[in-house]
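Q: Following is a predicted model, sequence given first.
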Amino acid sequence: MLIRHAKPSDVASHEITPRDVYLRRRDMIASTGLIAGSMALGWGGDANAALYQGPGVHTPLTNVVEGYRKLGEKDPVTPYEAASSYNNFYEFGTGKEDPAENSGPFKPRPWTVTVDGLCANGGVFDLDDFLKPHQLEERIYRLRCVEAWSMVIPWIGISLADVVNRFEPSGSAKYIQFETVERPEEMNGQRSRFILPWPYVEGLRLDEAMNPLAILAVGMYGEVLPNQNGAPLRLMVPWKYGFKNIKSIVRISFVEQRPKNTWAVVTPSEYGFYANVNPKVDHPRWSQRSERRIGDFLRRETLMFNGYEEEVSSLYADMNLKTNF
Ligand SMILES: Nc1nc2c(c(=O)[nH]1)N[C@H]1C(S)=C(S)[C@@H](COP(=O)(O)O)O[C@H]1N2
Ligand SMILES: [Mo]
């Protein structure tokens, strides 16, 4: 497997501008005194302690190492403003602007993650304890929504394979299942059962979860995740359509049966379990051959497995990708 840990010198020139822009944003935040103020509160040393500073505050993450990045010539990072204002998060409404507009009252701290099912050492963990044994890495990934738009986002997260190994799933565990928090008081969309059945559920085959590309993200653009992007913990599996990347996770279960993931339950004729990005399998109502990169004028061709074919195709060697979607 060819996940490599890039040195700063490996950053291609086309990436430097956007990266530079968001790092400068951080400097700007520093110059307004936020970083100094938070140091006084006692964090900044330990990456995994007290990640969250408060609602609506850009909280920088420290002790992050550079992780995997494999992007083409024409893949500049999407501006932060777009990635944090054009979202799908139906718990806060179905419009693209709804999550940014309605997620202000949501409280991503304190947060507990329950790990249960077929594993040796599950339990209920405060988020800091859940994250503590793991290294934070920045991973710049493409995100391809099944609706045929895409972005390039620098996530910060931990390896999902490391998380799986830590909890020691038993031999009978074949899948990993994730659940989003249920808080209708803070999530206006959850007050209606006509939007989706709650909680939002997603899952992966255990070997997919072990692929080095899979991460659980806690940040983006050098900072703690904004609420609308799935704070404080969300999945990121970049070779799959966006809906697999479940947000605001409170429960991780090791299970024997394939999880009933929300979109496949609601519209099985349109959405499946695997949901691998595939230009050759159209959505029943639109083509998947091309996509609109947010910020671009012209559409671009959709890449098999969203451009990560080399890394993941062996997972599906004996599957018919046309029918088993
Ligand atoms: N809990 C939950 N997770 C979710 C969704 C949702 O509605 N609820 N939408 C999904 C879809 S369709 C996409 S495209 C991505 C969007 O992630 P982003 O807003 O961070 O770009 O989140 C996914 N995760
Ligand atoms: Mo999506």
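A: Thanks, I have it. Ligands and ions are numbered 1, 2, ... in the order given.

Q: From now on I want contacts and neighbour counts done on CA atoms only, so please keep to that.
A: Noted.

Q: Could you look up the next helix or strand downstream of the helix or strand bottoming out on mean pLDDT in the chain?
A: The weakest-scoring helix or strand in the chain, judged by mean pLDDT, DSSP states H and E, is helix 34-40 (a mean of 30). Of the helices and strands lying after helix 34-40 in sequence (DSSP states H and E), the nearest is strand 64-69.

Q: The next helix or strand after that next one: which residues count as buried?
A: Later in the chain than strand 64-69, the nearest helix or strand by DSSP H and E is helix 80-83. Buried residues in helix 80-83, counted by 16 or more other CA atoms under 10 Å: 80, 83.

Q: ok, now stretch 175-186?
A: For stretch 175-186, a neighbour-count test (16+ other CA under 10 Å) marks 175-183, 186 as buried.

Q: Of these, which is the nearest to Asn229?
A: Thr180 (12.6 Å; CA to CA).

Q: Apart from its chain neighbours, what residue comes closest to that closest one?
A: Spatial nearest neighbour of Thr180, excluding adjacent residues (CA to CA, 6 or more residues apart in numbering): Ile249 at 4.5 Å.

Q: didn't the one you found look like it was pressed against Val115?
A: No. Counting by CA atoms under 8 Å, Ile249 does not reach Val115; the two are 10.7 Å apart.

Q: who has more neighbours, those two?
A: Ile249 (25 against 21; other CA atoms under 10 Å).

Q: Can you tell me how far the more buried one is from ligand 1?
A: 8 Å (CA to the nearest ligand atom, to the nearest Å).

Q: In contact with that residue, which residues?
A: Ile249 sits next to 113, 178-181, 232-234 when contact means CA atoms under 8 Å, 6 or more residues apart in numbering.

Q: how near is it to Pro197?
A: 16 Å (CA to CA, to the nearest Å).

Q: Same check on Lys74?
A: 38 Å.

Q: So between these two, which is more surrounded?
A: Just comparing Lys74 and Pro197: by other CA under 10 Å the higher neighbour count belongs to Pro197, 14 against 9.

Q: That one: what secondary structure?
A: Following DSSP: H, G, I helix; E, B strand; the rest coil, the label given to Pro197 is coil.

Q: Name the nearest residue to it, ignoring sequence neighbours.
A: Closest residue to Pro197 apart from its sequence neighbours, by CA to CA, 6+ apart: Thr262 at 7.4 Å.

Q: Point out the residues in the stretch 151-300 of the chain that sit beside ligand 1.
A: 180, 200, 229, 242-243, 245-247 (CA under 6 Å from any ligand atom).

Q: With distance to ligand 2, secondary structure and pLDDT as extra columns, can I get the residues you listed in a markdown table?
A: Below are those laid out as a markdown table (distance: CA to the ion, whole Å; DSSP: H, G, I helix; E, B strand; the rest coil; pLDDT from 0 to 100):
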| residue | distance to ligand 2 | secondary structure | pLDDT |
| --- | --- | --- | --- |
| Thr180 | 16 | strand | 99 |
| Tyr200 | 13 | coil | 98 |
| Asn229 | 12 | helix | 98 |
| Gly242 | 4 | helix | 98 |
| Phe243 | 5 | helix | 98 |
| Asn245 | 9 | coil | 99 |
| Ile246 | 10 | coil | 99 |
| Lys247 | 12 | coil | 99 |
